[in-house]
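1. got a predicted structure here, sequence first:
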Amino acid sequence: MTIEELYRIGALYRDQLATFRAQIQLCGSGTCRSAGAEELQRAFETACEEAGVRAEIRVVMTGCMGLCGSGPLVRIEPGDTMYVHVSPQDAPRIVRDHVLENSPVTEQRLPDDNTFYGRQTPVVLEHMGRIDPESIEDYIAHGGYEALAKAVTYQTPESIILEIRHAGLRGRGGGGYATGLKWDIVRRGSAEQKYVVCNADEGDPGAFMDRAMLEGNPHSILEGMAIAGYAVGATQGFVSVRGEYPLAVQRMRRAIAEAERKQLLGNRIFDSGFSFRVDLRMGAGAFVCGEETALLRSIEGKRGQPAPRPPYPSHAGLWEKPTVVNNVETFANVAPIIRRGARWFGEIGTARSKGTKVFALAGRVRNTGLIEVPMGTTLREVIFDIGGGISGDGTFKAVQTGGPSGGCIPEQHLDIPVDYESLAQAGSIMGSGGIIVMDNSSCMVDIASYFMEFCRTESCGKCVPCRVGTVQMSRILERIKCGRATEQDMETLEELCVMVKDTSLCGLGQAAPNPVISALHFFRPEFERHYRDHVCDAGICRFDDPEHGVEPAHEKGEGAHA
Amino acid sequence: MEKKPTNGDSRHKLLDRALSRHQGRPEALIEVLHTAQDVFGYIPRDVLAYIAAALDIPKSRVFGVASYYPLFSLTPPASHTLTVCMGTACYVNGAAALLEEAKRACGCADGDEITEVRAAHCLGSCGRGPLLKVDQRTVVDADRDAVRREVAAFEEHSHDD
C-alpha cells in the first residue's frame, strides 16, 4: 500500500457512492438493533425493490447515530434528513415520498433546527453514523488512514509526539493525563519491545461511548493506535474489548482483518520501516480490568488484579515492557489531530482541557444518547439543551458523572463547565463520560448504596481496605436505607470514606467512596431524614420490611414509619 | 498430554482450533477459555484440565483464572437466562422493580433449573433502559409486563418440549 493507492481506493469508493441516487442510512448500533434496526433494513430493501429502485438506492447500516432514545434512527442522504422511531411500516412511505418524490414525510422527521445535534461539535464522532463500519473503503473514502500515511511517511516519532503535546490531548478514560507526555516516556524507554494497548474494557455502568465507537468506527481507533505505535517505537498493539459487547468484538475483529489485508497493519506500513500488528483480547467481565495494571495482567492471560504504581505501564507494562495504555476515545482523537493539526485542535475546548468529550447521556432525560461537545460546555447545556430536559413530569435532582468513581452534582452546580478540573472541584470526576440524569424519583441514599454495592462486588479482593471497607460501607448504607442506622454509623461511614480512599491499592478502591462523599456533601439532609425520621422522600427505601433489614438484632423501636 | 474430555464431538474441534490458533501460548488462556465457554455453554472440569495440559500451565492457575472472571461459568447453565440490566441508567428508570418481578415470575429467589435470573452490571444500551436480556436477545424499554410476557413465553416453550 502506498499513499497513492490509498487515495485511489478513497476516490474509487466515493465515485461508487456518487452513482447512487440516494442513501438510506440506518443506525446499526447495538441499541437500535435491539429496537429493530435489522428488520427495518429488510423493510427498506423490500420497499426499494417494490418501487423498482433497489439498484439506485444504497441501503446501509451505519454505526451509532447518537439519538438512542428515539431509535430506530434513519437518515436520508442527500439532505441529511433524519427520521426517529421508524418502524418497518414506515419504510414504503419514506421511500416513495422522500427518496423518490423528494417531499420528506413530516411525521417522525427530526426538525433540522433540533438542539440535540445543533449544539454538538463532532470530532471523533464526525463520520460515525454516516459510514459503514464494516467497510474499510468507506473509512478511507472519508480521509481514513491518511493521518497514518502522513505520519509514517513525512513525520518523525518526535514530531508526532510534539504535535500531540501541542494539541493538549489528555486521556479520555477519566484520568486526564497528558497523552503526549505518556507517549514520550514510552518512546524514551530503551527496551527493544514496546506495546500499545487500547483500553476498551468499558465497565462503568451507564457508559457506552467506547461500545459505540468500537461498533461504529473501529478503524479510527486502529489508526490512532498505529500512529501511537510509530511514535513510541512499538510493533505490537492490543485492543482489550469488554466481553459483554459481542458486536463491538465482531466489528473490531473484522476491522483488524481488513486493515491487515490492505497492509495498513502489518509489515512495512506504507513502505516505511514501520511494522505494527494489533490483536484483540476479549474481557471476561471483571470491572477492575478497566484499571490499567489489572488490564495488562488480563492481556497476559492472568487474573486481572491491579499492581501498585509506580512502576507505571509507561516504564514497565505488558510483560514488564514500556507500554502505552490509552482509552478508545483518546486513540480516536489522534488521527484528526495529525490530519488537521494541533492548532486546530487547541482552538476547541478550554485552557487546560482541549478538544471535545464524548458523553453517554442517559437516565431521566428526554433525549438520551451519545453526544460530543467541546470541553467547557456546561452541564446545564448538556442536560437541558442537548438532552431536552427531564423526561416525564419529574423535576431535576442530580446528575451523576464518572460512574462508581464519580459523584452526584446538584442543581446549584449545573453551570460549571465540563472539564477535568471543574468537575473534580464540584466533587465528581470527568470519568470516561457517562452522564446519568436523576429526578426526584431517585433517592440519593439509595444511589450511594447502589454504587457502594457495585464496588463491593467488583472489588478484586487483593487489598484489605477495598475488600473489607466496601463491605462495611455497604452494610452501613443498607442500614440507613432501612432506618436501622445510628449516629455512630454515620460517623463510621465518614471515617471509612477517608480510610478506603487513602489506603486502597488501585483506582477502584481509592475512588469507591466518591459517590458516598458527594452524596453526603450535597444531600446530607436526605441521609438524616432516613436514619432519624425513617422517611425516604423518593419512596424507594422501605423501613418496615423485614426482608430488607440487615441485622435483625438492631430493632428500630417505636419510630417506625410505613 | 491430558486425554480429551468427554466425547470427541465438534465442540472439541472448535476448542482445538482455538488452541492451535494461539499456538499453545500460555498468555492465550483467557481467549481459549472464552472459546470453551462459548462452545460448551460453561467450562467443564475436564475441559479445564485439558486446556491446562495444552497450554502447559498448572491446573490450579487455569482454575484460578476461570473462577476469577464473572463471564466464565464452571457449572452448566439453566435452559433459559433472564438478565435484568442494573446499570445506573436502567436503575434510575426502575430496574430494581423489574428484577424483583423477574424473580417473582420465575418463582425463585436465586434461580431454578429452567430459568436463571441474573442482574447485569451494565449492558451498554443505556439510552433505552430498562433493558432485559432474554437469553441472547435484548429487549429495550422493558417494564414489568415485558418481564411477565417473556417468562410466560419460556413456560409455554418448556411445555412444548
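-> Noted; the coordinates are in hand.
2. so where is the chain shaky, pLDDT-wise?
-> Picked chain A for this. Segments of chain A classed as low confidence (criterion: pLDDT under 70) are A:545-562.
3. not quite, go with chain B.
-> Across chain B, the stretches falling below the confidence threshold (pLDDT under 70) are B:1-8, B:108-113, B:157-161.
4. list the contacts for the residue of it found nearest chain A?
-> Of chain B, the residue with the smallest distance to chain A, taken as C-beta to the nearest C-beta, is residue B:127 at 2.7 Å. (Each C-beta comes from the backbone N, C-alpha and C, glycine too.) Counting by C-beta atoms under 8 Å, 6 or more residues apart in numbering or on different chains, residue B:127 makes contact with A:31, A:68-69, A:71, A:208, A:360-362, A:368-370, B:89.
5. how about a cut-off of 6 Å?
-> With contacts defined as C-beta atoms under 6 Å, 6 or more residues apart in numbering or on different chains, the neighbours of residue B:127 are A:31, A:68-69, A:362, A:368-369.
6. out of those, who's near chain B?
-> Counting by C-beta under 6 Å from any C-beta of the partner chain, the subset of the contacts of residue B:127 that neighbours chain B consists of A:31, A:68-69, A:362, A:368-369.
7. can you count the residues close to residue 9?
-> Picking chain A for this. For residue A:9, the count of nearby residues is 18 (other C-beta atoms under 10 Å in any protein chain shown).
8. chain B is the one I meant
-> Taking other C-beta under 10 Å as the criterion, the count of residues near residue B:9 is 9.
9. residues of chain A that sit close to chain B?
-> Taking C-beta under 6 Å from any C-beta, the part of chain A that reaches chain B is made up of A:30-31, A:34-35, A:68-69, A:205-206, A:208, A:211, A:243, A:282, A:284-286, A:300-301, A:303, A:360, A:362-364, A:368-369, A:436, A:438, A:442.
10. tell me which of these fall in helices.
-> Filtering those for membership in helices, criterion DSSP state H, returns A:30-31, A:34, A:211.
11. can you put those in a markdown table and add neighbour count?
-> Conversion of these to a markdown table gives the following (neighbours: other C-beta atoms under 10 Å in any protein chain shown):
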| residue | neighbour count |
| --- | --- |
| A:30 | 24 |
| A:31 | 32 |
| A:34 | 22 |
| A:211 | 29 |
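12. domain assignment for chain B?
-> Structural domains of chain B, as assigned by automatic domain parsing, span the residue ranges B:10-68, B:80-160.
13. separation between the residue of chain A found nearest chain B and residue A:123?
-> Closest residue of chain A to chain B, C-beta to the nearest C-beta: residue A:68 (2.7 Å). Noted for residue A:68: a distance of 20 Å to residue A:123, by C-beta to C-beta, to the nearest Å.
14. what does residue A:104 give?
-> The separation that residue A:104 has from residue A:123, given C-beta to C-beta, amounts to 29 Å.
15. neighbour-wise, which of these two wins?
-> A side-by-side neighbour count of residue A:104 and residue A:123, using other C-beta under 10 Å, places residue A:123 first with 20 against 14.
16. residues touching the more buried one, list them.
-> Counting by C-beta under 6 Å, 6+ apart, residue A:123 touches A:336, A:356.
17. tell me the secondary structure for it?
-> State at residue A:123, reduced to three classes by DSSP: H, G, I helix; E, B strand; the rest coil: coil.
18. mind checking how far it is from residue A:212?
-> Distance check for residue A:123 against residue A:212: by C-beta to C-beta, it reads 14 Å.
19. ok, residue A:41 next?
-> Taking C-beta to C-beta as the criterion, residue A:41 is separated from residue A:212 by 19 Å.
20. mind telling me what element residue A:423 is part of?
-> Using DSSP states H and E, residue A:423 sits in helix A:420-425.
21. same thing with residue B:63?
-> For residue B:63, the enclosing helix or strand under DSSP H and E is helix B:59-68.
22. now that helix: how far from the chain's centre is it?
-> Relative to the centre of its chain, helix B:59-68 is centred 17 Å away, using C-alpha atoms, centre = their mean, to the nearest Å.
23. nice, that's everything, thank you.
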